Structure formats: structure tokens, C-alpha cells
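Novice: Build me a model from this:
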Amino acid sequence: MKKFFSFMTGVLMGGLVGATVALLLAPFSGETLRGQIRERIGSLQDELTEIAGTRRAELEKQLANLRQPKSTSVTLED
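Specialist: Coordinates of the predicted model:
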């Protein structure tokens, strides 16, 4: 278990160092970069909202089909 926490700490620290280096070496100013990040996050949120709405509609349709009573036609033959 200790190895797992050590690994996760390393991953977190590596991510932070990588993000810092990327921001320092970015070809854009901080304000421009933050604006681009905001735009990308906004478009990603819009896409996820659209996808979630589509999936919700599909699931509601499936649920409605499952809630419909099954027609069991029993024929009695002599």
C-alpha cells in the first residue's frame, strides 16, 4: 500500500512540475493562454452537456419501453 501512495505522490508531483514547465515555456502570454484554456473548457462543457442530454433521452426512452406492460397472449388449445 505504501508503494501505491508513493507512486501516486510521484505522479502528482510530476504533473505539477510538467504543468509549471509548460506554462513557463508556452509561446503565449499568461492572459492569452488562460483565455484559450477557458474557451477550450467552455467548448468541452458544451459538448459534454449535449452528449449527456442525448444519452439521457436514450435512457429515458429505454426506461419507458421497460415500464410498458408486456403483452402476454396466451392461447388455449384443446
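
Novice: Give me the pLDDT for Val21.
Specialist: Looking at Val21, its pLDDT reads 86.

Novice: go on, the one 4 residues further on?
Specialist: pLDDT for Leu25: 81.

Novice: One more: the one 4 residues further on?
Specialist: Among the per-residue scores, Ser29 holds a pLDDT of 79.

Novice: Please apply the same query to the one 10 residues further on.
Specialist: According to the predicted model, the pLDDT of Glu39 comes to 94.

Novice: And the next helix or strand past the helix-or-strand element of the chain with minimal mean pLDDT?
Specialist: Every helix and strand of the chain was ranked by mean pLDDT, DSSP states H and E. The lowest is helix 2-24, at a mean of 88. Downstream of helix 2-24, the first helix or strand assigned by DSSP states H and E is helix 30-67.

Novice: and the angle from that following helix to helix 2-24?
Specialist: Helix 30-67 and helix 2-24 are oriented at 130 degrees to each other (axes from the mean of the first three to the mean of the last three C-alpha atoms, to 10 degrees).

Novice: Now helix 30-67: buried residues?
Specialist: Buried residues in helix 30-67, counted by 16 or more other C-beta atoms under 10 Å: none are found. For every residue, glycine as well, the C-beta is placed using N, CA and C.

Novice: Give me the residue at the spatial middle of the protein.
Specialist: Of all residues in the chain, the one closest to the mean position by C-alpha atoms, centre = their mean is Leu48, 6.8 Å from it.
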